[in-house]
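J.: Prediction below, plus the sequence it came from.
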Amino acid sequence: MLPALALFSLLWIASRATVHSLTVQDHSQVVITEDVKVPVVLGVMSRCPDAMLCEAVWDRVLQRVGNKVDISLSFIAKPNASDPTYGVTCMHGVEECAGNVYELCVAKYHPTSEWWPFLQCQNFQGRDEIGLPETAMNCATTAGFHWEDDRASECAGDNGQGQEGVKLLQKSVENSIQLGIQKSCTIIINGKQVCIRDGTWYECEGGHAPADFIRQINEEYERLNSGIRGASSIL
């Protein structure tokens, strides 16, 4: 029998697999078209209080519209070629760099149904615990996988300094620079910056409560998929 948490994860994934099935008139074939999910990027720093608050808000958003969203993190740091470990300088210290690496590695090797609970678990432990190996190990268990023999663990290495994880962090920082992300937390929905949390909420034309982001996701989702549905109806 599957453990309860593993069974929950499987059901979570299944409930979010949104597809449209179209039967052709002669019933000879079925055309399956997957809905386009709304890309969401959170520009963050793992030990930043504003990022943790922002991620708590988005936890509530994902509970409602997680099946319509493709969410990812883009980390903020300053490139620093003289840094021997990470090649970047993290605002809240080397422990934050390690926390960034842990979160990136888990996000690379696990579905949202596992890496997002891992992230929330780290935040729940408190910002001073983020980036510590024991926190990553405990949160992996909470998220439903074993840290010791996991590819994410190999990626992060000892103390969040694994070669693969460091490269992921450097690439993520470059991505943030390219996107113009400077403040943690910056929220980008479908390529458009919609809100910033940095001490307070600002530049949030559409609002900053969970209900506001849920509304924006629903609107973008309908816009992205209206063409697919129109094409399906023609077929």
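T.: Okay, I see it.
J.: Using neighbour counts, pick out the buried residues of stretch 125-142.
T.: For stretch 125-142, the neighbour count (16 or more other CB atoms under 10 Å) marks 127, 129-133, 135-136, 138-140, 142 as buried. Every C-beta, even on glycine, is put in place using the N, C-alpha and C of the backbone.
J.: Contacts for that stretch next, please.
T.: 46-49, 52, 92, 94-100, 102, 106, 117-118, 121-123, 146-148, 150, 152-153, 156, 158-160 (CB atoms under 8 Å, 6 or more residues apart in numbering).
J.: where in this structure is pLDDT low?
T.: Where the chain drops to pLDDT under 70, the residues are 1-33, 228-235.
J.: out of the contacts of stretch 125-142, which are inside strands?
T.: Among those, no member falls in strands (criterion: DSSP state E).
J.: Return the members of the residues you listed classed as buried.
T.: 46-48, 52, 92, 94-100, 102, 106, 117-118, 121-123, 147, 150, 152-153, 156, 159-160.
J.: Just the ones in helices from these, please.
T.: Per DSSP state H, helices hold the following members of the buried ones among the contacts of stretch 125-142: 52, 94-100, 102, 106, 117-118, 121-123, 152-153, 156.
J.: for the protein, what spans make up the strands?
T.: Using DSSP E, strands in the chain cover 19-23, 30-34, 38-44, 69-75, 78-79, 88-89, 186-189, 192-197, 201-202.
J.: Next up, the contacts around the residue nearest the centre of the chain.
T.: Nearest to the geometric centre of the chain sits S72, at 3.2 Å (CA atoms, centre = their mean). By CB under 8 Å, 6+ apart, the contact set of S72 is 39-42, 107.
J.: which one among the residues you listed gets closest to N190?
T.: Of all these, N190 sits closest to P39, with 5.7 Å by CB to CB.
J.: I figured the closest one hits I187, correct?
T.: No - contact between P39 and I187 fails when scored by CB atoms under 8 Å: they sit 11.7 Å apart.
J.: Between these two, which has more neighbouring residues?
T.: Taking other CB atoms under 10 Å, P39 and I187 do not tie; I187 has more neighbours (26 against 15).
J.: The residue nearest to the more buried one when sequence neighbours are not counted and Q182: what is the separation?
T.: Counting by CB to CB, 6 or more residues apart in numbering, I187 lies nearest to C195, which is 4.4 Å off, once chain neighbours are set aside. Counting by CB to CB, to the nearest Å, the gap from C195 to Q182 is 14 Å.
J.: quick one: which of these two has more around it?
T.: Applying other CB under 10 Å to C195 and Q182 shows that C195 carries more neighbours, namely 22 against 12.
J.: For that one, list the residues it contacts.
T.: Counting by CB under 8 Å, 6+ apart, C195 has contacts 186-187, 201, 203-204, 206, 208, 213.
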